[in-house]
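Q: need the 3D shape of this:
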Amino acid sequence: MFELSKAEPKNNIRKLSKQQIDDINSIVNKTGWSFDEAKAKMKSVKKKYGITFKHYNAFNFYIYEEEDIAMEYGILQKTAKLIAEKMDWDEKHAFKAMATLMHRIDTPFSKSIFNSESGLNTELEKMISEIKANEEVFERRVETIMLATSCTHKQAEKQLKRAKNKLGISNKNYIRLQLYKYPKEEHNRIYKEYLEENKKARRAEVEEYRGKIMNATGWSREETKEKVKIAKERTHCTTKEYFIYHFYELTDEEQDSVALTYNSKQVGKKYDIDRSFVSVLCNKELTNDFFAECIIRPWCVNTKISEAEFVEKFAQSDRIIYKPLQGHKGFGVEAFDLSEGNHSQVYNKLKNYPEGVVEQFVKQHEDINKMADSSVNTIRVVTVSSNHEPVTSDGKMFDIAYTSFRIGGGKSIVDNFHSGGMCAVVDKETGIVVTNGADQYGNAFEEHPLTKTTIKGFKIPYFKEIIDMVTTACTQKHIEGYLGWDIAVSVDGPELIEVNAMPGIVLLSTPYATEKKGMKCVLEQYYDFNSSK
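A: Residues are numbered from 1 along each chain as shown. Below you'll find the model as predicted:
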């Protein structure tokens with residue numbers, strides 16, 4: 001429930017709309033100003049320059065010096081006008097779209113990216129690309145609802161907007177929870193239960209790894225909490241990272257040398273990916289279409305194919321795998337055996353699944369099968385690239401940061417680290433594994449626990465072809481950003497499985513943590529971490 005600020009007399013508040021009061025309170029939270037001080041400044045700016053309370057808040061005008069406000073607002077108006085022209089919108093719509101993208105800018109326009117006409121044009125292109133991508137994602141979510149419920153386009157749009165505006169449920173979560181299948185009276189309850197489950201899961205994870213630290217060290221609960229807190233304040237590690245990277249055995253200097261999720265995100269933020277490309281990566285159908293030349297195996301979308309087409313497409317396939325279009329970490333993935341010619345039965349089952357990609361199971365290279373044959377084991381190639389500036393000190397616009405081998409643990413059809421698998425680091429020049437394997441708990445393995453194949457020294461087949469595939473796909477399509485490419489090794493060569501924006505760092509840091517080696521040095525060539533302290 002909205003609460004009035006105690007600092008503002010009631011008779012004054014009645015002169016303001018609820019939206020204006022919300023905007024003032026938002027500025028109070030951002031700046032530490034009193035309610036009266038924030039209101040006075042916002043009123044003054046509105047009177048002098050015509051900047052509404054809403055725009056003052058949305059575009060962070062509190063960060064500007066008084067003498068810069070007119071210029072900054074002029075640039076903002078110019079940008080809105082250009083976006084409106086490009087998108088065939090009115091300027092009000094353009095302002096609204098820009099406000100949703102303010103996460104891209106945390107300093108005044110004129111003092112950062114908009115310091116020249118070329119800077120304005122470059123950022124304008126990024127904004128328009130992101131706006132278009134957001135609209136495309138929204139449209140796909142509308143189509144998902146229409147397909148599942150037979151409602152009209154307008155009705156589907158209304159569902160998404162109602163959930164977001166009235167209940168605070170993002171479009172993404174609305175689709176993830178399949179709320180369109182439930183009466184609207186139940187949406188808030190289901191969403192709250194989802195949030196609570198997430199909180200419980202996060203708390204349970206913290207408790208799990210806190211207990212593991214206590215068992216490994218003999219520390220008390222309070223001592224453990226204090227030591228993790230100190231390390232977190234200095235390095236931004238999580239409780240889980242404190243355990244799996246063996247922080248309890250490291251000096252402060254050694255802890256500082258470990259590459260963490262926080263550091264990986266810093267690199268990802270610097271090498272920002274075009275939003276339209278992110279929308280491709282977040283949808284397995286679009287990914288397969290975009291990188292068609294990197295995919296040999298037959299595939300389809302379960303909701304967009306007839307039974308006859310399905311039977312024909314997979315006539316030569318003994319096994320197929322289903323992946324939800326917007327799944328992650330291997331969740332929702334399921335395999336089906338077609339060796340008995342039961343194509344029709346499998347088709348009828350799959351057509352009732354949420355929209356997803358169905359692919360022929362990769363016929364894995366025999367050497368990879370020797371390591372683990374129950375899952376498709378992939379090579380993670382992490383790249384850094386830019387179309388505007390060098391990413392390395394020697395002037396390269398594209399670079400391979402590191403490569404890792406993701407190995408199935410024998411209990412899952414996927415090799416995901418979070419599904420019982422393990423990982424090892426691969427020399428990016430030779431394709432030879434240079435570490436022991438490690439699981440998500442930081443345990444080291446000299447050999448695979450089931451196949452007894454030695455991990456360190458294992459040679460990845462077709463490794464040069466893997467590197468060539470990723471390099472060609474990235475550079476010829478002018479893709480920029482910090483990306484993780486997952487490549488399977490089939491009997492005929494490399495096959496792209498998926499591309500990940502903002503790849504996690506666990507596949508590099510965890511194997512080396514077992515050797516008490518920090519690998520922040522790998523990322524430091526792309527990002528100066530000292531400058532952000």
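Q: quick check: chain neighbours aside, which residue is closest to F398?
A: S385 (4.2 Å; C-beta to C-beta, 6 or more residues apart in numbering). All C-beta spots, glycine's among them, are computed from the backbone N, C-alpha and C.
Q: for W485, same thing?
A: Using C-beta to C-beta, 6+ apart, the closest residue to W485 is V381 (4.4 Å).
Q: give the pairing partners of the host helix or strand of the one you found; include direction for each.
A: Applying DSSP states H and E as the criterion places V381 in strand 378-385. Under the criterion DSSP bridges, strand 378-385 sits next to strand 398-407 (antiparallel), strand 481-490 (antiparallel) in its sheet.
Q: average pLDDT for whichever strand or helix holds I128?
A: In the assignment (DSSP H and E), I128 maps to helix 117-149. For helix 117-149, mean pLDDT is 75.
Q: residues near P390, how many?
A: 12 (other C-beta atoms under 10 Å).
Q: report the secondary structure state of it.
A: Look at P390: counting by DSSP: H, G, I helix; E, B strand; the rest coil, its state is coil.
Q: now the stretch 101-250 of the chain, which segments are flagged as low pLDDT?
A: Filtered on pLDDT under 70, the stretch 101-250 of the chain yields the residue ranges 101-124, 126-127.
Q: try it again at 80.
A: 101-134, 136 (pLDDT under 80).
Q: what's the separation between the residue nearest to W485 and V333?
A: Shown here: V381 relative to V333, a distance of 21 Å by C-beta to C-beta, to the nearest Å.
Q: ok, now M98?
A: From M98 to V333 the distance is 38 Å (C-beta to C-beta).
Q: then Y527?
A: Y527 is 33 Å from V333, by C-beta to C-beta.
Q: which one of those two has more residues nearby?
A: Y527 (21 against 17).
Q: let me know the pLDDT of that one.
A: In this model, Y527 carries a pLDDT of 92.
Q: leaving out sequence neighbours, find the closest residue to it.
A: Y527 sits nearest to V267 (C-beta to C-beta, 6+ apart), 4.8 Å away.
Q: contacts only, for that neighbour.
A: Residues near V267 by C-beta atoms under 8 Å, 6 or more residues apart in numbering: V384, Y482, L523, Y526, Y527.
Q: and the helix or strand harbouring it, C-alpha only, in CSV?
A: Assigned by DSSP H and E, V267 falls within helix 261-270. Output in CSV follows, covering the C-alpha atoms of helix 261-270 (Å, rounded to 0.1, in the frame of the first residue of the first chain):
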residue,chain,number,x,y,z
THR,A,261,30.5,-14.6,-11.3
TYR,A,262,30.7,-10.9,-10.4
ASN,A,263,33.8,-10.4,-12.5
SER,A,264,32.3,-12.3,-15.4
LYS,A,265,29.3,-10.0,-15.3
GLN,A,266,31.7,-7.0,-15.3
VAL,A,267,33.2,-8.2,-18.6
GLY,A,268,29.8,-9.0,-20.0
LYS,A,269,28.6,-5.5,-19.2
LYS,A,270,31.6,-3.9,-20.9
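Q: what helices and strands are in contact with whichever helix or strand comes after that helix?
A: Counting by DSSP H and E, the next helix or strand C-terminal to helix 261-270 is helix 275-281. When contacts are defined as 3 or more C-beta pairs under 8 Å, 6 or more residues apart in numbering; DSSP states H and E, helix 275-281 packs onto helix 117-149, helix 284-290, strand 493-501.
Q: now do the last one against strand 398-407, angle only.
A: In this structure, strand 493-501 runs at an angle of 110 degrees to strand 398-407, with axes from the mean of the first three to the mean of the last three C-alpha atoms, to 10 degrees as the basis.
Q: pull the residues that contact strand 493-501.
A: With C-beta under 8 Å, 6+ apart, strand 493-501 has contacts from 268, 273, 277-278, 281-282, 284, 287, 291, 294-297, 362, 376, 378-379, 462, 465-466, 469, 473, 481-489.
Q: in the strand holding V381, which residues are buried?
A: Under the neighbour-count criterion of 16 or more other C-beta atoms under 10 Å, strand 378-385 has T378, I379, R380, V381, V382, T383, V384, S385 buried.
Q: going by distance to K323, which of these wins?
A: T378 (13.4 Å; C-beta to C-beta).
Q: which residues does the closest residue to that closest one other than its chain neighbours bridge with?
A: Computed as C-beta to C-beta, 6+ apart, the closest residue to T378 that is not its neighbour in sequence is D486, at 4.4 Å. Taking DSSP bridges as the rule, D486 bridges to R380, E498.
Q: for the stretch 201-350 of the chain, which segments are assigned as strands?
A: With DSSP state E, counting those that start in this stretch applied, the stretch 201-350 of the chain shows strands at 299-301, 319-324, 334-337, listed in chain order.
Q: give me whichever of the ones you listed is most buried.
A: strand 319-324 (a mean of 20; mean count of other C-beta atoms under 10 Å).
Q: send the alpha carbons of it over as PDB?
A: Output in PDB follows, covering the C-alpha atoms of strand 319-324 (Å, rounded to 0.1, in the frame of the first residue of the first chain):
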ATOM      1  CA  ARG A 319      16.900 -41.000 -30.600                       C
ATOM      2  CA  ILE A 320      15.700 -37.400 -30.400                       C
ATOM      3  CA  ILE A 321      15.800 -34.800 -27.700                       C
ATOM      4  CA  TYR A 322      13.300 -32.100 -26.700                       C
ATOM      5  CA  LYS A 323      14.300 -28.700 -25.300                       C
ATOM      6  CA  PRO A 324      11.900 -26.000 -24.200                       C
END
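Q: other SSEs contacting that strand?
A: By 3+ C-beta pairs under 8 Å, 6+ apart, strand 319-324 packs against strand 334-337, strand 356-360.
Q: packing partners for the last one?
A: Put plainly, it is strand 356-360. helix 284-290, strand 299-301, strand 319-324.
Q: cutoff 10 Å now
A: With contacts taken as 3 or more C-beta pairs under 10 Å, 6 or more residues apart in numbering; DSSP states H and E, strand 356-360 sits against helix 284-290, strand 299-301, helix 307-313, strand 319-324, strand 334-337, helix 343-350, strand 493-501.
Q: and of those, who's closest to F405?
A: With C-beta to C-beta as the yardstick, what comes closest out of those is strand 493-501 (13.4 Å).
Q: what angle do the closest one and helix 261-270 make?
A: Going by the same axes, to 10 degrees, strand 493-501 makes 90 degrees with helix 261-270.
Q: after strand 493-501, which helix or strand is next?
A: Using DSSP H and E, the first helix or strand after strand 493-501 is helix 506-513.
Q: dump the C-alpha coordinates for that following helix into CSV.
A: Taking Å, rounded to 0.1, in the frame of the first residue of the first chain, the C-alpha atoms of helix 506-513 are listed here in CSV:
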residue,chain,number,x,y,z
VAL,A,506,32.5,-21.8,-13.1
LEU,A,507,33.8,-23.8,-16.1
LEU,A,508,37.1,-22.0,-15.7
SER,A,509,37.4,-21.3,-12.0
THR,A,510,36.2,-24.6,-10.5
PRO,A,511,38.8,-27.0,-12.0
TYR,A,512,41.7,-24.6,-11.1
ALA,A,513,40.3,-24.1,-7.6
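Q: ok now the next helix-or-strand element following that helix, how far from the chain's centre?
A: Proceeding C-terminally, helix 506-513 gives way to helix 520-524 as the next helix or strand, assigned by DSSP H and E. Relative to its parent chain, helix 520-524 has a centroid offset of 20 Å by C-alpha atoms, centre = their mean, to the nearest Å.
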